[in-house]
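Trainee: Take a look and give me a structure for this.
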Amino acid sequence: MKNGHGTTIGGGRISFPTPETMSEAQRTVYEQIVSGPRRTLVGPLRAALHNPVLADRWQRLGQVLRFETSLPTRLSELAILVTARRWNSGLEWTIHASDAARAGLSAGIIESIRLGGTPAFGTDADGRDVYAFAGQLVQKGDVDPDTYARIVSRWGEVGAVELTAVIGYYSMVAMTLNVHRIPLPEGMTSSLPVEPGKLADIPGTTDA
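Mentor: Next comes the predicted model:
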């Protein structure tokens, strides 16, 4: 369906600006996005582009949190997967499961999170602590003192700030994707099991 603002496709609730329908301000932000590390306009930025100022700030913050933190990419992607699983965001999960695998996160851990199981981190203390931090934060809105202290001991206060920001940012992303029914890119499907109307539980770790 097409309207004066763009195109509504794939069951989305709102229209998405297209290059042909964009205002000058929207096109400026669009060109910044597709010329940057993302290389394409997908996900929540398609909705945010209705307000080009919001989209511009959004994509700048997202670039920092996705590509420019001091956290190892494998662990940042782990935190994103926990967030996507909690909010049942199929698009966020699908994109970042692939990114996490490329960054070196084990297929077993990814699959365990997808199915709502308890990941076995073994000797990977870094991964276990990031998982615990992310799981506690998205479920309780806070993190236990011991978990917080372990993150600070590994990556300093800046790491704790960055990790919290990553989880908060990708919670906003997931909510935007969910509420506007933003479809997956063509040819991509979600394997995330979702129970309608219920958030996913993130179990704690059992291995030390």
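
Trainee: which residues touch stretch 138-150?
Mentor: Contact with stretch 138-150 is made by 82-83, 86-87, 129, 132-133, 136-137, 160, 167, 171, 201-202, as judged by Cβ atoms under 8 Å, 6 or more residues apart in numbering. For every residue, glycine as well, the C-beta is placed using N, CA and C.

Trainee: Which of those are buried, as a ChimeraX select command?
Mentor: In ChimeraX, a selection of the buried entries from the contacts of stretch 138-150 looks like this (16 or more other Cβ atoms under 10 Å):
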select :82,83,86,87,129,132,133,136,137,160,167,171,202
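
Trainee: closest to T118 among the contacts of stretch 138-150?
Mentor: Checking these against T118 by Cβ to Cβ gives I202 as the nearest, at 9.5 Å.

Trainee: Nearest residue to that closest one in space, please, no chain neighbours.
Mentor: Excluding its sequence neighbours, the residue lying closest to I202 (Cβ to Cβ, 6 or more residues apart in numbering) is G135, at 3.8 Å.

Trainee: Quick check: which element contains the one you found?
Mentor: Using DSSP states H and E, G135 sits in helix 125-140.

Trainee: immediately after that helix, which helix or strand?
Mentor: Going down the chain from helix 125-140, the next helix or strand is helix 145-179, by DSSP H and E.

Trainee: what's the model's confidence in that following helix, averaged?
Mentor: On average, the pLDDT along helix 145-179 is 97.

Trainee: quick one: that helix to helix 125-140, angle?
Mentor: 60 degrees (axes from the mean of the first three to the mean of the last three Cα atoms, to 10 degrees).

Trainee: residue boundaries of the strands in the protein?
Mentor: Assigned by DSSP state E, the strands in the chain fall at 2-3, 6-7.

Trainee: which stretch in those strands is the model least sure about?
Mentor: Minimum mean pLDDT among the strands of the chain: strand 2-3, a mean of 35.

Trainee: Could you pull out the helices in the protein for me?
Mentor: For the chain, the helices defined by DSSP state H occupy 24-34, 44-48, 52-67, 73-86, 90-102, 107-114, 125-140, 145-179.
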